[in-house]
Each structure stands twice: as structure tokens, then as C-alpha cells.
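Student: take this sequence and fold it.
(one chain, ligands or ions: 2)
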Amino acid sequence: MKLAVAGAGAFGTGLAISLAANGPVTLWARDADAAAEISKARENVQRLPGHPLPENINVTSNLAALIDADTILLAIPAQKLGEWLKVNADHFADKRLVACCKGIDQSTLRGPVAQIEAHVPSAICAMLTGPSFAADIANHLPTALTLACNDVDEGAYLQACLSTPTLRLYLSQDVIGAELGGALKNVIAIACGVCMGAGFGESARAAVITRGFAEMRRIGTALGADPETLTGLSGFGDLALTCTSDGSRNYRFGLSIGSAQDFDTATTVEGAATAVSVSNLAQKHDLDLPICRVVADLASGKIDPETALATLLARPLRKE
Ligand SMILES: NC(=O)c1ccc[n+]([C@@H]2O[C@H](COP(=O)([O-])OP(=O)(O)OC[C@H]3O[C@@H](n4cnc5c(N)ncnc54)[C@H](O)[C@@H]3O)[C@@H](O)[C@H]2O)c1
Ligand SMILES: O=P(O)(O)OC[C@H](O)CO
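Tutor: Ligands and ions are numbered 1, 2, ... in the order given. All right, here's what the predicted structure looks like:
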């Protein structure tokens, strides 16, 4: 396998460091200055400080080096992926393209693999997702992820090539379920952050996680996901991590809303845009997703945490 990672953010850099244990990796950054800086320092000081790059990582902004690979991990934020693929589609025909971002595109309501399929129909598509912080992966801490691919043989090949002694990939054919789990857990993590930031308490957070998971299953079923997938690493696993750790940017964004603190708007917070996408999908499919709805309104500043809480508590009592 000739491996490259597109997107030299925290996750792309973490994946490149981890996978360099298996062989050479090209790490592509869109910005020439950023690529030169990372290459010179042998560290991504801006996005993943404190994690030296092994010698066999070639950091570049040269698109030709990226195109030279046969397998490319796409670690570009979900809201930017479609446009990036649209511009570069011609270069990626027939390649293995593995989406590593978590979100649902606001303008098309597509997940990352659906974006690849739309822009590069000849590509072999897969989704790599699950509970993982970039720093943990870069530190070679034990991590388990889902590799979802419709094609059984290609999925098995990717699973074998992208696993390391500490990065353990579990194989799935349920691409839609894997896409949805990763995207939706970020929305629920924001809700949990708001809950804790506003001082609503840990019991309330447990309720948000559980009822949020019910919303994940509801929309998953409506969109054709296997409910089993949502109980796995890409769904419940990632929900557990992201809703309980302030290592998560989505959770921290929620904390900042709950406690009325400022938040750096340059931070990648996938759940904010995805909450809007999910609310639009809910409307389209006539689904009741109240937590996702209030997160969309909280993230855009339309309501405050007390209003969100009152909205959720005022709902009619019902069967679990
Ligand atoms: N950081 C993590 O721990 C982690 C773990 C698992 C999954 N992810 C997912 O990985 C994705 C990327 O997150 P990240 O943590 O690397 O974010 P980041 O903010 O650290 O980096 C984002 C990178 O994307 C690049 N980028 C932004 N817009 C672009 C565009 N239009 N074209 C090309 N490149 C562009 C930026 O230059 C930057 O290098 C997200 O979907 C996130 O959910 C992150
Ligand atoms: O920092 P977050 O909230 O984007 O979460 C990172 C990963 O998705 C956790 O699995």
C-alpha cells in the first residue's frame, strides 16, 4: 500500500504518526507554509504539539505527492470535504479513499462517504471512525476503531494495512451506520457539555447520553443503518468518550455555552454544523429528535441553556 493522509490537522497528523509504524506515509497540508513548518520542526506545533514525526513521514503541500498514493486517508473537516473533493476529483479516480472526518454536510445532508461517492464514483470508499483522540493515537496508546467498507475484500485489505500493534480496527460493511454514529455523537457531546457547564448535574448528563443515543438509533433506523452498528465503537463507543471527556472539542464547546464563556471560533467543532444538518434530516424524514434540535439552536445562539432545558422538560411524558 502507498499511503497518504490529506489534512495535516490534529487527526491527520496523529494518524500519520501512528501508521508510520507500518511504513512510509505522505502527510499532505493544503498550506505550503504549514507543510514547510511541520517538515522543518518534525512536529505539528500548531495542531498536535509534543508529538515528534518519525523520519518516514514526508510532509508536503504538493498535490502530486498526494496523488502518487493509492490509498488516501481524508482527515479534512466534514463541512469542507465536499468542496475539496469537487475541486480535486479528477486526480482520485479508482483510488482507495478513506473518510476520517465526522459530520453531515449542511448543504447536501451527506455523510463523508456519500460525499466521496458523489464526487469520485470510481473510488473505493471506506470510513474510519470511532473513539480516538489524535494525541492518544500519536502516543500509540491502545485504540479500537471501526473500518466500514461496502466491499468485503477491500475492507479486509484496509483493515490489515491500517491496523498497528496498538491501533485495532474492527471491520464493518455498514458504512451509513458508521458515518451516522461519528457525526451524531458530536451533537450529543455538545448537549452534555452544555449540561455540565450550566450546572444541571451528572444525573442530567446521563439522561442526555441515554436519550441522545435513542435519537441516534431513531435516525439511524430511518436512514438505513444497522442498529447494531450504533451500539459499536463508531456509535456508542465514541459517544461514551466524547460525552465524558474534556479532551473533546465538541464537549468543551458545549461547556463554554453552558457556562457563558468565550470559545475560540477557529476550533474544529463538527457537532455544531451537524446539529443543523441532523435537524433538517429529521424534518425531511418526519423524525422527533429534540436533543439534536436544541443543540442546533444553542450552537447558533438562538436559545440559552435554561430555555433548552425547559423545552426538553416540557415534552409530554411517554414510554421509554
Ligand atoms: N482531533 C481528534 O482527536 C479527532 C479524532 C477523530 C476524528 N477527528 C475528525 O477529524 C476531522 C479533522 O479534525 P482535526 O482534529 O484534524 O481538525 P484540525 O482543526 O486540527 O485540523 C483541520 C485540518 O483541516 C484542514 N482544512 C480545513 N479546511 C480545509 C479545506 N477546505 N481543504 C483542505 N484542508 C482543509 C486544516 O488546514 C487543518 O489542517 C474532523 O472531522 C474530526 O471530527 C478528529
Ligand atoms: O475533539 P472532538 O470533540 O472533535 O472529538 C474527537 C474524536 O472524534 C473523539 O473520538
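Student: pLDDT (mean, whole number) over stretch 34-54?
Tutor: Confidence over stretch 34-54 (mean pLDDT, whole number) is 98.
Student: got the buried residues for that stretch?
Tutor: Across stretch 34-54, burial judged by 16 or more other CB atoms under 10 Å covers A34, A35, E37, I38, S39, E43, N44, R47, L48, H51, L53. C-betas here are computed from N, CA, C, even on glycine.
Student: that stretch close to ligand 2?
Tutor: No - Stretch 34-54 is not in contact with ligand 2 by CB under 6 Å from any ligand atom; minimum separation 11.9 Å.
Student: now the end-to-end length of that stretch.
Tutor: Using CA to CA, to the nearest Å, the end-to-end distance of stretch 34-54 comes to 17 Å.
Student: now stretch 167-180
Tutor: 22 Å.
Student: returning to what we had before: L241: which of the buried residues of stretch 34-54 is nearest?
Tutor: Relative to L241, the closest of the buried residues of stretch 34-54 is L48; by CB to CB it sits at 17.8 Å.
Student: my guess is the closest one meets S18, correct?
Tutor: No - using CB atoms under 8 Å, L48 makes no contact with S18, being 11.4 Å away.
Student: which outside residues touch stretch 153-164?
Tutor: 1, 3, 18-19, 21-22, 71, 73, 96, 98, 124, 126, 128, 140, 147-149, 169-173 (CB atoms under 8 Å, 6 or more residues apart in numbering).
Student: who's in contact with G247?
Tutor: By CB under 8 Å, 6+ apart, the contact set of G247 is F133, A135.
Student: how near is it to A99?
Tutor: Look at G247 and A99: by CB to CB, to the nearest Å, they are 22 Å apart.
Student: L128 now?
Tutor: 7 Å.
Student: what's the neighbour count on H91?
Tutor: Counted with other CB atoms under 10 Å, the neighbours of H91 add up to 13.
Student: and the closest residue to it other than its chain neighbours, how many neighbours does it have?
Tutor: In this structure, H91 finds its nearest non-sequential neighbour in I67, 4.6 Å apart by CB to CB, 6 or more residues apart in numbering. Residues within reach of I67, counting by other CB under 10 Å, total 17.
Student: try the one 3 residues further on
Tutor: Other residues within reach of D70, judged by other CB under 10 Å, total 13.
Student: quick one, phi/psi of it?
Tutor: Backbone geometry at D70, expressed as degrees, to the nearest 10, gives phi -100, psi -20.
Student: the chain should start at 36 in everything you say after this.
Tutor: That works, and once the first residue is 36, the last one we named lands at D105.
Student: now do the contacts for it.
Tutor: Here D105 is in contact with M36, K37, K130, R131 (CB under 8 Å, 6+ apart).
Student: rerun that using 6 Å as the cut-off
Tutor: With contact taken as CB atoms under 6 Å, 6 or more residues apart in numbering, D105 is in contact with K37, K130.
Student: again with the one 5 residues further on
Tutor: For A110, the contacting residues are V40, G42, F46, G47, C135, taking CB under 6 Å, 6+ apart as the criterion.
Student: that one and ligand 1, how far apart?
Tutor: Here the criterion is CB to the nearest ligand atom, to the nearest Å. By it, A110 lies 5 Å from ligand 1.
Student: on the pLDDT front, check the closest residue to ligand 1 within the chain for me.
Tutor: Nearest to ligand 1 in the chain, going by CB to the nearest ligand atom, is G44, at a distance of 1.8 Å. G44 carries a pLDDT value of 98.
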